[in-house]
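Trainee: Need the 3D shape of this:
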Amino acid sequence: MGALVWWARVWRILWARLAAAVGWAARTVRPAGVLVVAAATVGLGIGIAFGWVEWMVAGAIALVLLAMCVPFLFGARSYEVDLVLGHERVVAGEGVTGEIVVRNDGRRVALPGRLDIPVGAGLVEFGVPLLRPAHTIAQPLEIPALRRGIVTIGPATTVRSDPIGLLRREHAFDDVHQLYVHPRTTAIPSTSAGLIRDLEGNPTRRLVDADMSFHAIREYAPGDARRQIHWKSTAKTGQLMVRQYEESRRSRMAVVLSVAEREFADSDEFELAVSCAASLGLRAVADARDVDIVTGSEIPRVVRGRLRAIAHIPAGSRRTMLDGFSAVDLLENTMAVADVCRLAAEANERLSIAFIVVGSRVPLTRLRQAALGFPADTAVVAVICDESAHPRMRALPGLTVLTVGTLDDLSGLLVRGATS
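Mentor: Sure, this is the predicted structure:
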């Protein structure tokens, strides 16, 4: 029994070592190297088996060629690479600069090599010259204009390869950067933010027992707070009377951004919608308003129609909001904008105004359905992004529709709506 356990342990160790060797060979030996290894194996095997000198010479040459390529793989881990970016947040259409610092930490001279740095879906290559021990070089990194999104830069990978491309060895470092490419925004004047202005709150039709806007005096009912008793009226009528107030509502704003792929003509139109929604959110943050920014959420195809879900973009500060907009993308499987508005209204009962930002493929009938998802006392403004349309404003029952062709149209239309 002890021998069986020992052999099982030895077999597991050998199998693990064999798997590691096969994995190393698969990562290291290139297709050309596989051909050379096959030539060496077949040439030496046939030459020795049948005594054919030509085959043995060919196999020996292939083996020597493979052995001469091995020293070029040494030193892949002797580098210390530091990747520095000038900025971690830029606006769409802008590039970013950085620096790559490579230092030889080994005790021996590091042979020339290559450094690969992934930038999103692309790749930037740097040639590393021969480096003496403790020697450092710095090379500039220039990333051209980027589209909105979150771009992963790194990890830097050292590449060792022989001149004829038989073998290749890579070593990736841990330095990874997230570059947030924010959407373009436009300045919206404070006088037009939300098309309404209020500092202390707007009175509503809802009656409450305590607030700032006085409404009337009524008879005392069991459960009313004694501090609300109006003693002068009580003395006149001979029965307890209490104050009643209209509930004051601080301006709370919602921005609903459609992310359904079927509701936009193309990706450029969607980028315009993201910029409009981000501009509205930034104005609300600058005015210290309460704002909820809502988008549709990805829904698996198997439960589409049975599951409802929305996503919230954090609006605690300017930076966190723009970071959230950087991650927004078009979705194929998500709810229509009318369903998103309905969920947004259910999550926020005290909305003063709601902006619905959509693409050109959303008809007015669907926008009206979306507006019906909000309470009757909520002002609803729809922003249709259509790059081929002229800017205009239309007032419909319960809905104001703004059509923008460029980002600058948004500010002008909001100013017109606030002053009209």
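
Trainee: Mean pLDDT per helix and strand in this structure: which one sits at the bottom?
Mentor: Ranking every helix and strand in the chain by mean pLDDT, DSSP states H and E puts strand 202-208 at the bottom, with a mean of 46.

Trainee: Any idea what residue 182 is bridged to?
Mentor: Assessed by DSSP bridges, residue 182 has beta-bridge partners residue 91.

Trainee: was I right about it contacting residue 322?
Mentor: Yes - counting by CB atoms under 8 Å, residue 322 is a contact partner of residue 182 at 4.2 Å. For glycine as for every other residue, the C-beta is placed from the backbone atoms N, C-alpha and C.

Trainee: Now the common contact residues for the two.
Mentor: Both residue 182 and residue 322 are contacted by 89, 278, under the criterion CB atoms under 8 Å, 6 or more residues apart in numbering.

Trainee: low-confidence ranges in the stretch 101-250 of the chain?
Mentor: Within the stretch 101-250 of the chain, the segments meeting pLDDT under 70 span 190-215, 245-250.

Trainee: quick one, strands of it?
Mentor: Ranges of strands within the stretch 101-250 of the chain are 113-119, 122-128, 136-143, 149-153, 157-161, 168-172, 177-182, 202-208, 213-219, 241-249, based on DSSP state E, counting those that start in this stretch.

Trainee: Select, out of those strands, the one closest to residue 276.
Mentor: strand 177-182 (13.9 Å; CB to CB).

Trainee: Against which helices or strands is that closest one packed?
Mentor: Here strand 177-182 touches strand 79-85, strand 89-91, strand 149-153, helix 318-326, going by 3 or more CB pairs under 8 Å, 6 or more residues apart in numbering; DSSP states H and E.

Trainee: Could I get these in CSV, plus columns for mean neighbour count and distance to residue 279?
Mentor: Shown next, in CSV, are the helices and strands packed on strand 177-182 (neighbours: other CB atoms under 10 Å; distance: least, CB to CB, whole Å):
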stretch, mean neighbour count, distance to residue 279
strand 79-85, 17, 26
strand 89-91, 17, 12
strand 149-153, 17, 18
helix 318-326, 19, 10
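
Trainee: now for those, which one comes closest to residue 66?
Mentor: Nearest to residue 66, of all the helices and strands packed on strand 177-182, is strand 79-85, at 25.1 Å by CB to CB.

Trainee: orientation of that closest one relative to strand 149-153 in degrees?
Mentor: Relative orientation of strand 79-85 versus strand 149-153 (axes from the mean of the first three to the mean of the last three CA atoms, to 10 degrees): 160 degrees.

Trainee: could you give the mean pLDDT of strand 79-85?
Mentor: In this model, strand 79-85 carries a mean pLDDT of 84.

Trainee: For it, name the packing helices and strands.
Mentor: For strand 79-85, the packing partners by 3+ CB pairs under 8 Å, 6+ apart are strand 96-104, strand 113-119, strand 177-182.

Trainee: Now do the longest helix along the chain: which elements does it pack against?
Mentor: Ranked by residue count and defined by DSSP state H, the top helix of the chain is helix 2-28. Judged by 3+ CB pairs under 8 Å, 6+ apart, helix 2-28 is in contact with strand 168-172.

Trainee: Now do the strand it packs on against strand 157-161, angle only.
Mentor: Using the same axes, to 10 degrees: strand 168-172 against strand 157-161 is 170 degrees.

Trainee: quick one on the thing from earlier: is it possible to export the helices and strands packed on strand 79-85 to TSV including mean neighbour count and distance to residue 85?
Mentor: As requested, those are exported to TSV (neighbours: other CB under 10 Å; distance: least, CB to CB, whole Å):
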stretch	mean neighbour count	distance to residue 85
strand 96-104	18	4
strand 113-119	19	11
strand 177-182	20	6
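
Trainee: Export the ones you listed to a markdown table and append columns for distance to residue 158.
Mentor: Output for these, formatted as a markdown table (distance: least, CB to CB, whole Å):
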| stretch | distance to residue 158 |
| --- | --- |
| strand 96-104 | 9 |
| strand 113-119 | 6 |
| strand 177-182 | 18 |
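
Trainee: To residue 268, which of those strands lies closest?
Mentor: Closest among the helices and strands packed on strand 79-85, using CB to CB: strand 177-182, at 15.4 Å.

Trainee: can you pull out the helices in the stretch 201-350 of the chain?
Mentor: Listed in chain order, the helices of the stretch 201-350 of the chain (DSSP state H, counting those that start in this stretch) span 231-237, 267-286, 318-326, 337-347.

Trainee: Any chance of those in TSV with distance to residue 50 as columns?
Mentor: Below are these laid out as TSV (distance: least, CB to CB, whole Å):
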stretch	distance to residue 50
helix 231-237	121
helix 267-286	65
helix 318-326	67
helix 337-347	76
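
Trainee: just flag whichever of these has the lowest average confidence.
Mentor: When these are compared on mean pLDDT, helix 231-237 scores lowest, with a mean of 80.
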